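1. Quick one, structure for this:
(one chain, ligands or ions: 1)
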Amino acid sequence: MTSTDPIAPVVALRGAMLSWAGDPFVVGAARARRYDADAIVAMAGGRIVHAGPAAAVMRALPRGTTVERLPRDALMMPGFVDCHVHYPQLPVIASYGAQLLDWLTRYTFPAEAAFADDRVARRVARAYLDENLRQGITTAAVFCTVHPGSVDALMREAATRSMRLIAGKVLMDRNAPRALRDTATRGYDESKALIARWQGRGRLGYAITPRFAVTSSPAQLEAAGALWREHPDCWMQSHVSESAGEIAWVRRLFPRDRDYVGVYERHGLLGRRAIYGHGIHLSEREWRAIASTGTSIAHCPTSNLFLGSGLFRWDRAKKARRPVRVGLATDVGGGTTLSFLRTMGEAYKVAHLAGTSMPAAHAFWLATQGGARALDLDGKVGNLAPGFEADVVVLDLASTPLVAQRMRHANDVDEALFVQMTLGDDRAIRQTWIAGRKAWDRDEAGAGPPRRP
Ligand SMILES: [Zn+2]
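-> This next block holds a predicted model:
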């Protein structure tokens, strides 16, 4: 039972469970990963009240609690945390033939201009959040457009689904079409009003969101830093060091700064609750500045491959003497999927191409607890343990005939998880639970739209 609602009914699921006892990048996969073949997750008042071996939890449950037994081949795990995504780009996902800077001009900016119309924002926000539920994404850090209405639309829809969501209006006052530009002052004022409206309301949080150093003047970056100092509970999100062309442009725009990270550093935009997309081409000096300020990086593998941006080096991010908080992210529409299993599979391939590897436990941790930590939400989401918010995904470990036959040859949990992240997709998401309520059930929904919570 929780203190907020002492008479909340307990809902309990029984099946295999994956949860975390530590960080695999620090203690290794075997000590970090907890696997219980027969576990119960009990939820009440939006939180997890028990999670552990079934025999022990059974004794602790109130008499008469109904325990739903999940099918064989089900695996309960924490909901996925998408650390970096642009919901307004959903309509241009899978657009052909451009690298970052071209891609912004040809596809992204025209798509974002349509969000001047609130009805477009509402329609895309609904489609985006429904797709999240179908994919088991229960928390996300989201870029909106320059229009404040694009934030209102997304926050309202997230609130009706009780989702934990962080989002913000993009700040952009140069190097973008006129219709998508604000000014340093207007961007500051509009963001401030949005913070008053949404920050800390239910499960929602506000992120001050300068798109990147190219599209914000020094005055705007300054204003963003000032706003963050006035509202330190808010998040800060942007992009850094994604592509070679972008880095060269930043160098021309900010000749006095020693490097790309130095631009954000000088404007007070690094720190805990700051999360930057990509970080592919960072120097050791930049990594050190990111680590020492507690700043986080969102690794976006499908986007890096699709836009041809480069290969993220998690081994550099996680150097033992200065580990950086890293989360995993879809980066739609530069990214090509909202499936986290697909995203983990591509993270493995990126690591391989970069000369390292990505064990399954590490990928699953980045996709859940690691992401929660990167967003400074650890203790709230990203794990199945008492006190955590009850965001649960139930995987189907035999979601297609190919996966089912491969799983028959899996010898241990790590191999099973690796098969899932290599072969699995949205068909493997059997159920998604948000704040203790079932928000998506693949088998009940059939091919239709997700059921609203
Ligand atoms: Zn992005």
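
2. Dihedrals phi and psi, the spatially closest residue to Ala167 that is not a sequence neighbour?
-> Of all residues not flanking Ala167 in the chain, Val142 sits nearest, at 4.1 Å (CB to CB, 6 or more residues apart in numbering). Quick note: C-beta positions are derived from backbone N, CA and C, even for glycine. The phi/psi pair for Val142 (degrees, to the nearest 10) reads phi -120, psi 130.

3. List the residues that contact Val142.
-> Counting by CB atoms under 8 Å, 6 or more residues apart in numbering, Val142 makes contact with 85-87, 154, 165-168, 207.

4. ok, now with 6 Å
-> 85, 87, 167 (CB atoms under 6 Å, 6 or more residues apart in numbering).

5. Check Ala60 too.
-> His50 are the contacts of Ala60 under CB under 6 Å, 6+ apart.

6. what separates it from the ion, distance-wise?
-> 44 Å (CB to the ion, to the nearest Å).

7. And for Glu131?
-> Counting by CB to the ion, the gap from Glu131 to the ion is 17 Å.

8. nearest spatial neighbour of that residue, skipping sequence neighbours?
-> Using CB to CB, 6+ apart and skipping residues adjacent in sequence, the residue nearest Glu131 is Leu338, 5.2 Å away.

9. Just list whatever residues bridge to the residue nearest to Ala167.
-> Val85, Ala167 (DSSP bridges).

10. Skipping adjacent residues, who's closest to the residue most central in space within the chain in space?
-> Taking CA atoms, centre = their mean, the centroid of the chain lies closest to Asp82, which sits 1.3 Å from it. Of all residues not flanking Asp82 in the chain, Ala140 sits nearest, at 4.1 Å (CB to CB, 6+ apart).

11. Past the lowest-mean-pLDDT helix or strand in the chain, which element shows up next along the chain?
-> When the helices and strands of the chain are compared on mean pLDDT, DSSP states H and E, helix 100-103 comes out lowest with a mean of 86. Where DSSP states H and E defines the elements, the next helix or strand beyond helix 100-103 is helix 109-113.

12. what's next to the lengthiest strand in the chain, contact-wise?
-> Longest among the strand segments of the chain by residue count, using DSSP state E, is strand 33-44. Residues outside strand 33-44 that contact it (CB under 6 Å, 6+ apart): 1, 8, 10-14, 16-19, 21, 49-51, 53-54, 57, 76, 361, 384, 390, 413, 436.

13. Take those and keep only those in strands.
-> Using DSSP E, these in strands are 11-14, 16-19, 49-51, 53, 76.

14. For the ion, state which of those residues is nearest.
-> Proximity of the ones in strands among the contacts of strand 33-44 to the ion (CB to the ion) peaks at Leu18, which lies at 28.3 Å.

15. Count residues in the vicinity of the closest one, would you?
-> Residues lying near Leu18 (other CB atoms under 10 Å) number 24.

16. For it, list the residues it contacts.
-> With CB under 6 Å, 6+ apart, Leu18 has these contacts: 35, 75, 77.

17. Tabulate those residues (TSV), appending distance to the ion and neighbour count.
-> Shown next, in TSV, are those (distance: CB to the ion, whole Å; neighbours: other CB atoms under 10 Å):
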residue	distance to the ion	neighbour count
Tyr35	33	17
Leu75	30	23
Met77	26	24
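
18. Just send these back as TSV, with pLDDT and distance to Arg181 too.
-> Listed next are these as TSV, based on pLDDT from 0 to 100; distance: CB to CB, whole Å:
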residue	pLDDT	distance to Arg181
Tyr35	98	51
Leu75	98	47
Met77	98	42
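
19. and these as TSV, adding distance to Tyr264?
-> Output for the contacts of Leu18, formatted as TSV (distance: CB to CB, whole Å):
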residue	distance to Tyr264
Tyr35	39
Leu75	39
Met77	34
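
20. Extract the residue ranges of the chain that are flagged as low pLDDT.
-> Counting by pLDDT under 70, the chain shows low-confidence ranges at 1-7, 446-453.

21. how does it look with 80?
-> Scanning the chain for pLDDT under 80 picks out the ranges 1-8, 446-453.

22. Mind naming the longest helix for it?
-> When the chain is parsed with DSSP state H, its longest helix is helix 118-135.

23. who does it touch, helix- and strand-wise?
-> Counting contacts by 3 or more CB pairs under 6 Å, 6 or more residues apart in numbering; DSSP states H and E, helix 118-135 is packed against helix 148-160, strand 437-441.

24. can these go into TSV with extra columns for distance to Glu131 and mean neighbour count?
-> Converted to TSV, these look like this (distance: least, CB to CB, whole Å; neighbours: other CB atoms under 10 Å):
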stretch	distance to Glu131	mean neighbour count
helix 148-160	12	21
strand 437-441	10	20
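
25. Next, count neighbours for Gln89.
-> Gln89 - counted by other CB under 10 Å - has 23 other residues nearby.

26. With adjacent residues omitted, what lies nearest to it?
-> Per CB to CB, 6+ apart, closest to Gln89 is Gly333, 3.0 Å.

27. List the backbone torsions phi and psi for Arg69.
-> Given degrees, to the nearest 10, the pair of backbone angles that Arg69 has is phi -90, psi 120.

28. and if you look at the one 5 residues further on?
-> Its backbone dihedrals place Ala74 at phi -90, psi 150, with angles given as degrees, to the nearest 10.

29. OK, contacts around Gln220?
-> Contacts of Gln220 (CB under 6 Å, 6+ apart): 171, 173, 184, 187.
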